[in-house]
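Trainee: I would like to see how this sequence folds:
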Amino acid sequence: MHCYATFYGPHVSPNTGILAIQRLSSNIPGFRIAATGVALEMDESFNVVKKLKLVGTPKKIYKNTAFIAGMFNSELEVSRFEGASIRTVSGIRGQIKKALTVGQPGSYRATFEDKILMSDIVFCRTWMPVEIKKYYNPVTSLLTERASSGGENSRGGEDGWRGMKPRAQLQIERQIPIEVNPDSIYKPIERTAKKFNRLFIPKRLEAALPFANKHKDDKKLKKDSYLRKRAVVMEKSDKKKHAFLHAINTIRNEKVKKKKEGNIRRRVEKAKVTARTEKKIEDGRKVIKKRRYRTEGKIDAHRERKRLRGN
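Mentor: Presented below is the predicted three-dimensional model:
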């Protein structure tokens, strides 16, 4: 993959090729090219930033206002982020207003679009500037005979010039264990399932609502009720009515099916007729354009011949 890298080094013109080699010691039979690239531009300072997500939790909630703690460590940090946009995991947006003088250091007051819950997590997306180390070690004696054969000016004695060993190589040679930062270890995220309380609507309000908005969830019965257990036995007249309705619905469904099939056939036929008509119109346009271009070509040729005779 291609990537951009910013580093501190000598002045080079843009479009200069760059070759990165990991080791240049003579006791290694082969060498490996770590990266290849090209210099794009030069500047005294580049703004290199890194994503940073600050996380906090609500301590008190008053309607659309909440007190957030755990995101900053002091009032000074909060003052730098006044007016910054924040957001909860559930998607409610908010804004940092002012730091609190009492309570946990770094807590502040924030406003949101809607009332948040105590279980919500509030985060703020920011950018952290990364400073480039201003150090490079130019080597100008690699192509001389003394440097290649291990002369007086070379470093490393008989092996010729040898640069500083990287930290990883020193750890391997001296068998030093690699330092592990506990904060950098990935851990499984365990999130408890959130249980929401059942929506309660007063009976007086529910009675005024339209039928489409009324609550229709029936309570689950532990045992079958009498209405479910009883057997429904239709009488002779009820059976005739049921058979009659079933026959009417069958006829209606058949009519609807035939109507849909007829509509599909008519659309296909209409599309064919429309395509033939458009083709005829397009052919006529081509003929008209051809005649017009031919006439314009003859007029231009006549004018050119007239101009040449005049000269």
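Trainee: Please count neighbours and contacts with C-alpha atoms only from this point.
Mentor: OK.
Trainee: buried set for stretch 231-239?
Mentor: By neighbour count with 16 or more other C-alpha atoms under 10 Å, stretch 231-239 contains no buried residues.
Trainee: same deal with stretch 194-206?
Mentor: Buried, per 16+ other C-alpha under 10 Å, within stretch 194-206: nothing.
Trainee: How far does that stretch stretch from one end to the other?
Mentor: 27 Å (C-alpha to C-alpha, to the nearest Å).
Trainee: Pretty sure residue 134 sits in a strand.
Mentor: No - per DSSP: H, G, I helix; E, B strand; the rest coil, residue 134 lies outside any strand segment and is coil.
Trainee: So it sits against residue 10, correct?
Mentor: No - Residue 134 is not in contact with residue 10 according to C-alpha atoms under 8 Å; the separation is 10.8 Å.
Trainee: which residues does the residue nearest to residue 105 when sequence neighbours are not counted contact?
Mentor: Distances taken as C-alpha to C-alpha, 6 or more residues apart in numbering place residue 74 nearest to residue 105, at 5.1 Å, with adjacent residues excluded. Neighbouring residues of residue 74 by C-alpha atoms under 8 Å, 6 or more residues apart in numbering: 105, 106, 107.
Trainee: Tabulate these (JSON lines), appending distance to residue 297.
Mentor: Converted to JSON lines, these look like this (distance: C-alpha to C-alpha, whole Å):
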{"residue": "105", "distance to residue 297": "86"}
{"residue": "106", "distance to residue 297": "82"}
{"residue": "107", "distance to residue 297": "82"}
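Trainee: got a winner among these for most neighbours?
Mentor: Tallying neighbours with other C-alpha atoms under 10 Å puts residue 107 at the head of the contacts of residue 74, with 26 neighbours.
Trainee: Quick one: residues contacting the nearest residue to that residue once chain neighbours are set aside.
Mentor: Excluding its sequence neighbours, the residue lying closest to residue 107 (C-alpha to C-alpha, 6+ apart) is residue 69, at 4.3 Å. Residues in contact with residue 69 (C-alpha under 8 Å, 6+ apart) are 56, 57, 58, 59, 104, 106, 107, 108.
Trainee: who touches the helix or strand that residue 78 is a member of?
Mentor: Element membership of residue 78 [criterion: DSSP states H and E] is helix 75-80. Applying C-alpha under 8 Å, 6+ apart, the contact partners of helix 75-80 are 72, 98, 99, 100, 101, 105, 106, 107, 108.
Trainee: And stretch 83-91, by the same measure?
Mentor: Taking C-alpha under 8 Å, 6+ apart as the rule, stretch 83-91 contacts 93, 94, 95, 96, 97, 120, 121, 122, 123, 124, 125.
Trainee: Could you dump those into JSON lines and include neighbour count, secondary structure and pLDDT?
Mentor: Below are the contacts of stretch 83-91 laid out as JSON lines (neighbours: other C-alpha atoms under 10 Å; DSSP: H, G, I helix; E, B strand; the rest coil; pLDDT from 0 to 100):
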{"residue": "93", "neighbour count": "16", "secondary structure": "strand", "pLDDT": "94"}
{"residue": "94", "neighbour count": "22", "secondary structure": "strand", "pLDDT": "94"}
{"residue": "95", "neighbour count": "19", "secondary structure": "strand", "pLDDT": "95"}
{"residue": "96", "neighbour count": "22", "secondary structure": "strand", "pLDDT": "94"}
{"residue": "97", "neighbour count": "18", "secondary structure": "strand", "pLDDT": "93"}
{"residue": "120", "neighbour count": "16", "secondary structure": "coil", "pLDDT": "90"}
{"residue": "121", "neighbour count": "16", "secondary structure": "coil", "pLDDT": "92"}
{"residue": "122", "neighbour count": "24", "secondary structure": "strand", "pLDDT": "94"}
{"residue": "123", "neighbour count": "17", "secondary structure": "strand", "pLDDT": "93"}
{"residue": "124", "neighbour count": "19", "secondary structure": "strand", "pLDDT": "94"}
{"residue": "125", "neighbour count": "13", "secondary structure": "strand", "pLDDT": "93"}
